[in-house]
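>>> Structure here, sequence nowhere to be found:
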Ligand code: GUN
């Protein structure tokens with residue numbers, strides 16, 4: 001039987017509609033959720049992401065401020081801006097778009113963001129809380145995957161989740177959040193030997209490799225659930241995931257497409273985290 005196609009775009013839209021209502025309530029109580037985004041340099045992909053974040057904020061009613069700086073910005077000025085935003089009562093979330101130019105320390109900048117405003121979920125305090133199963137801001141892409149599965153009534157309890165990729169932004173937090181949902185978790189990465197032997201055992205595969213159509217139908221067991229985090233270009237320049245969608249969907253139980261799967265959930269969870277932060281301040 002052909003796989004169910006998980007419509008991330010529709011799920012993201014549903015969550016945004018719910019957020020819009022929550023934001024209206026917050027505003028009626030005198031609190032407008034605010035997000036500050038810092039963008040350094042002229043990486044075109046980063047500029048596009050930031051524009052999309054700004055647009056998404058406007059659509060749901062979140063106040064957003066974008067700070068664009070030239071690539072030669074000093075670390076001192078950047079840290080000063082973060083310190084200022086930490087103290088700004090109109091700002092509930094701070095996001096520094098990555099990657100930063102090489103002369104700026106990403107670790108130093110992330111450490112400088114108040115954990116209470118770290119809506120990206122990158123601060124070691126939030127990562128640590130996630131690791132011990134506590135409430136915190138969770139990294140938006142993996143958190144989006146968890147929310148998406150929840151909305152599809154797919155429980156991870158007792159399932160074998162195989163995460164392919166160990167980045168701090170996706171792979172590691174996806175593993176920790178799956179564990180929090182009581183999955184049995186395996187993390188594979190570029191040095192894993194016989195990757196397919198692992199992915200073929202998985203009830204759920206979370207693919208975050210960054211290689212176009214890297215995993216194919218035979219890498220999955222029939223009936224698997226496939227979550228594709230990849231955003232790549234294929235040989236014709238067309239957007240595609242880490243999974244060969246056309247072949248994999250023949251035997252999977254459910255699969256996310258690219259585009260229209262995990263992608264729309266990421267910005268949605270940024271909005272979600274910003275609203276949670278504003279709600280905590282409104283209490
Ligand atoms: N660059 C690529 N993805 C992200 C993200 O989720 N947050 C930030 N801050 N930068 C990114």
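Perfect, I can see it now. In this text the structure is predicted, and so the values were computed from the model without any measurement.
>>> Pull up the residues of the stretch 1-150 of the chain that are close to the ligand.
95, 96, 97, 98, 120, 140 (CB under 6 Å from any ligand atom). For the C-beta atoms, the positions are set from N, CA and C on the backbone; glycine is no exception.
>>> Recalculate using a threshold of 8 Å.
Counting by CB under 8 Å from any ligand atom, the stretch 1-150 of the chain comes close to the ligand at 46, 49, 95, 96, 97, 98, 99, 120, 122, 139, 140, 141.
>>> Out of those, name the ones that lie in helices.
46, 49, 140, 141 (DSSP state H).
>>> Next, the contact list for the closest residue to the first one other than its chain neighbours, please.
Spelled out, it's residue 46. Using CB to CB, 6 or more residues apart in numbering and skipping the chain neighbours, the partner closest in space to residue 46 is residue 97 (5.0 Å). The neighbourhood of residue 97, defined by CB atoms under 8 Å, 6 or more residues apart in numbering, consists of 37, 38, 39, 40, 46, 49, 50.
>>> The same query, at a cut-off of 10 Å, please.
37-41, 43, 45-47, 49-50, 53, 66, 68, 120 (CB atoms under 10 Å, 6 or more residues apart in numbering).
>>> Now it. Its backbone dihedrals?
The phi and psi values for residue 97, taken as degrees, to the nearest 10, are phi -60, psi 130.
>>> Check it and give its pLDDT.
You'll see residue 97 listed with a pLDDT of 98.
>>> Checking the residue of the stretch 151-283 of the chain found nearest the ligand next. Helix, strand or coil?
The minimum distance from the stretch 151-283 of the chain to the ligand, using CB to the nearest ligand atom, falls at residue 169 (5.8 Å). Assigned with DSSP: H, G, I helix; E, B strand; the rest coil, residue 169 falls in the coil class.
>>> unless I'm mixing things up, it is touching residue 143, no?
No. The criterion here is CB atoms under 10 Å, and residue 169 misses it with residue 143 at 11.2 Å.
>>> out of the residues of the stretch 1-150 of the chain next to the ligand, what pair is the most spread apart?
Distance extremes for these: the farthest pair is 46 and 139 at 17.2 Å, using CB to CB.
>>> of the two, who's got more company?
residue 139 (25 against 16; other CB atoms under 10 Å).
>>> so what's the residue in the chain positioned nearest to the ligand up against?
Nearest residue of the chain to the ligand (CB to the nearest ligand atom) works out as residue 98 at 3.7 Å. Counting by CB under 10 Å, 6+ apart, residue 98 touches 40, 43, 46, 49, 106, 109, 110, 120, 122, 168, 169.
>>> And residue 212, by the same measure?
Here residue 212 is in contact with 230-235, 238-244, 258 (criterion: CB under 10 Å, 6+ apart).
>>> ok, now residue 173?
121-122, 126-127, 130-131, 138-143, 145-146, 163, 167.
>>> now residue 110
So residue 110 contacts 82, 96, 98, 100, 118, 120, 122, 123, 124, 126, 127, 168 (CB under 10 Å, 6+ apart).
>>> if we go to 8 Å?
Counted by CB under 8 Å, 6+ apart, residue 110 has contacts 96, 118, 122, 123, 124.
>>> quick one: which of those residues is nearest residue 222?
The nearest one, if we look at those relative to residue 222 and count by CB to CB, is residue 122, at 37.0 Å.
>>> Need the per-residue pLDDT for the nearest residue to that closest one once chain neighbours are set aside.
The shortest distance from residue 122 to any residue that is not its chain neighbour, by CB to CB, 6+ apart, is 4.9 Å, and that residue is residue 110. Note for residue 110: predicted pLDDT of 98.
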